[in-house]
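Visitor: this one's structure only:
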């Protein structure tokens, strides 16, 4: 097998598709593992047991939305990428690292969401995912390194700003820990992530 630089366009496209397919599998496994947070109550009052599951369910919803939004962005990015190299592969693995970490950090916040440290670890991991995805997009798109020359500047700006804004949002949300009901307030603020992403898209006028 030749190096990325010497492979034909067809071979390059096939390898890019393999990277995307592998990534899709990782996203699918990570999002499936999130359901482990939701254990069916075995005994006692069902209503109260369901109420007690509220932190677990909230953590599940937040992580589901985050993984889902990152998958959509990743899927769209690799629809643009037409070439690959070893740096792209490693940057993609770095982005996936933070995705596969999410089931663990979701468990952490479900069990210890009332403690600031648990909230900080969760927010930091998601900020890491945002910055890693920005690095991946920047490497592939800036200078049209691994995408078609016709790729618009608006599209490039969107992928650079999307991950960056989401990462900053998660880190900035930690300021709410200073409030009396800090940990709960921080967690509920994360439900605004889809709105933030939509605002970024509308601002940059690209899909």
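Guide: Everything's here; your move. Remember, it's a predicted structure, so these values are computed and weren't measured experimentally.
Visitor: please identify the helix or strand for residue 125.
Guide: Using DSSP states H and E, the element containing residue 125 is helix 116-141.
Visitor: show me what that helix is packed against.
Guide: helix 54-80, helix 86-112, helix 153-173, helix 182-189 (3 or more Cβ pairs under 8 Å, 6 or more residues apart in numbering; DSSP states H and E). For every residue, glycine as well, the C-beta is placed using N, CA and C.
Visitor: how much space between the most centrally placed residue in the chain and residue 141?
Guide: For the chain, the residue nearest the mean C-alpha position is residue 70 (3.7 Å; Cα atoms, centre = their mean). Distance, residue 70 to residue 141, by Cβ to Cβ, to the nearest Å: 17 Å.
Visitor: residues in contact with residue 120?
Guide: 174, 177 (Cβ atoms under 8 Å, 6 or more residues apart in numbering).
Visitor: distance check, it against residue 173.
Guide: In terms of Cβ to Cβ, residue 120 sits 10 Å off from residue 173.
Visitor: so which bits of the helix holding residue 125 are buried?
Guide: 118-141 (16 or more other Cβ atoms under 10 Å).
Visitor: so how far is that helix from its chain's centroid?
Guide: 7 Å (Cα atoms, centre = their mean, to the nearest Å).
Visitor: which residue is most remote from the mean position of this structure?
Guide: Going by Cα atoms, centre = their mean, the residue of the chain most distant from its centre is residue 44, 36.7 Å out.
Visitor: quick check: phi and psi at it.
Guide: When read as degrees, to the nearest 10, the backbone of residue 44 gives phi 80, psi -170.
Visitor: packing partners for the lowest-mean-pLDDT helix or strand in the chain?
Guide: Ranking every helix and strand in the chain by mean pLDDT, DSSP states H and E puts helix 46-52 at the bottom, with a mean of 74. Other elements packing on helix 46-52 under the criterion 3+ Cβ pairs under 8 Å, 6+ apart are absent; no helix or strand qualifies.
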